[in-house]
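> let me see the structure of the following:
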Amino acid sequence: MCESTFALATPKAITESVTKHNYIVSHLPPDSASLIRDVLMKPDANDPYSQIKKELINRSGESSQQEIRKLLSGEELGIRKPSELLRSMKRRAESLNVANNLMLELFLQRLPSSVQTILAAVSELTLDKAAEIADRIIEVSPSPIETFAVSNKNEKSLETKLFLEIEKLNRRIYRLSFSRGRSPYRRNKNSRERSISNKSDFSICWYHRRFGNKCRIMCSTVHMAGKRNQQRITATYSLPKESRRLFIRDRITNISFLVDTGSDVSLIRANVYQKRNSSQQTLLVANSSNINVYGQKTLSLNFNLRRDFIWTFLTADVSTPILGADFLHYFELVPDLRNKCLSDTKTKLQSVGHLKYANLH
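The predicted model follows:
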């Protein structure tokens, strides 16, 4: 850009090395100036511009080893188009003299497996042709293509299994502690009463199961993993006039997300294509019901907090998208029910939401 500025200068182009040097120095940002402080203190007497240009490139640019390392392992497709990825790889390989066949192999490795399968059937495949076809495949793809590494997928799968096992253990411990806490009088009840107690509704709080209508605590059902029942009140009180379930709207898709700190994972609704073509897994909920999970989908959300939120959701049989505890913890977001907003502890901003009832069955 500087060379173009010198060439387009009026009334005539700038050719003097000292003038170019002074122009560069006057426009240097502080961090770049600190890198070449010694050069600024003692400029070359004959050609100061060439000296400062050379040192800026050497000290602020990446070495050839770093370029090779990033070319081999640092470039990922992410949310970019394949053609954008190829242009970035070509820029890194400009000074490395990488053969076209090697560059093509490196480029194909960064693409999703479904795209690689289609490109493998194309004869006389070149770099530009591969990028063009890959762009078209992703554009017409009816479902999102996975853009994360296999290792990350395995780690998340293992993490989900661990959460499910922990939930099972918690329920067993709760049932054991509940049965041991019953009085001898309760144990001597007839078999009909014992069968009723064994089928206790664990979605009701402990106080209501223990004291029934004598309980004076207003409570509602709470779940841990992606689903909430309608509020149930076993005491004589009526339902609250105002819901305490916070919804935040995404400015990009105009979708309202339920902010659920009781859900360990974040969920979005699976479409018909995913239900038909994806392998089905089961997510166990705290109320002993199951949710079918069909895969994952990465979204970029905007809640008007001056930063984007890129997150991989589970696609499942839910009617309302959920921002779970994993999303809130990672981005350091805090729901504020009293003020009906979602607070960002990083930017100190708030995204205004709304409260309403939600039936997620």
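> what comes up buried for the strand ranked longest in the chain?
Ranked by residue count and defined by DSSP state E, the top strand of the chain is strand 290-301. By neighbour count on 16 or more other C-beta atoms under 10 Å, the buried set for strand 290-301 is 291, 293, 294, 295, 296, 297, 299, 301. C-betas here are computed from N, CA, C, even on glycine.
> quick one: strands adjacent to it?
strand 281-284 (antiparallel), strand 309-316 (antiparallel) (DSSP bridges).
> what residues go with each domain of this structure?
Under the assignment the TED database, the domains of the chain span 1-60, 64-140, 246-355.
> which strands and helices sit next to the helix or strand containing residue 31?
For residue 31, the host element (DSSP states H and E) is helix 30-35. In terms of contacts (3 or more C-beta pairs under 8 Å, 6 or more residues apart in numbering; DSSP states H and E), helix 30-35 is packed against helix 48-60.
> about what we covered before: of the domains of the chain, flag the one that's most buried.
The highest mean neighbour count among the domains of the chain, using mean count of other C-beta atoms under 10 Å, belongs to domain 246-355: a mean of 17.
> tell me the mean pLDDT for that one?
Domain 246-355 carries an average pLDDT of 87.
> equivalent analysis for stretch 127-141, please.
pLDDT averaged over stretch 127-141 gives 87.
> same question for stretch 91-100.
Per-residue scores along stretch 91-100 average to 75.
> picking up where we left off before, quick check: next helix or strand after the helix holding residue 31?
Counting by DSSP H and E, the next helix or strand C-terminal to helix 30-35 is helix 37-41.
> what's next to the helix holding residue 31, contact-wise?
By C-beta atoms under 8 Å, 6 or more residues apart in numbering, the residues outside helix 30-35 that reach it are 25, 40, 56, 59, 60.
> send the alpha carbons of that helix over as CSV?
Taking Å, rounded to 0.1, in the frame of the first residue of the first chain, the C-alpha atoms of helix 30-35 are listed here in CSV:
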residue,chain,number,x,y,z
PRO,A,30,3.4,2.3,18.5
ASP,A,31,3.8,-1.5,18.7
SER,A,32,5.5,-1.6,15.3
ALA,A,33,7.8,1.3,16.2
SER,A,34,8.9,-0.5,19.4
LEU,A,35,10.0,-3.5,17.2
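> pLDDT (mean, whole number) over it?
pLDDT averaged over helix 30-35 gives 79.
> how about the strands paired with strand 290-301 in CSV, adding distance to residue 44?
Listed next are these as CSV, based on distance: least, C-beta to C-beta, whole Å:
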stretch, distance to residue 44
strand 281-284, 66
strand 309-316, 47
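> between these, which gets nearest to residue 109?
Among those, the nearest to residue 109 by C-beta to C-beta is strand 309-316 (20.9 Å).
> does anything pack onto the helix or strand following that closest one? Which helices or strands?
Next along the chain after strand 309-316, taking DSSP H and E as the criterion, comes strand 322-323. Here strand 322-323 touches strand 256-259, going by 3+ C-beta pairs under 8 Å, 6+ apart.
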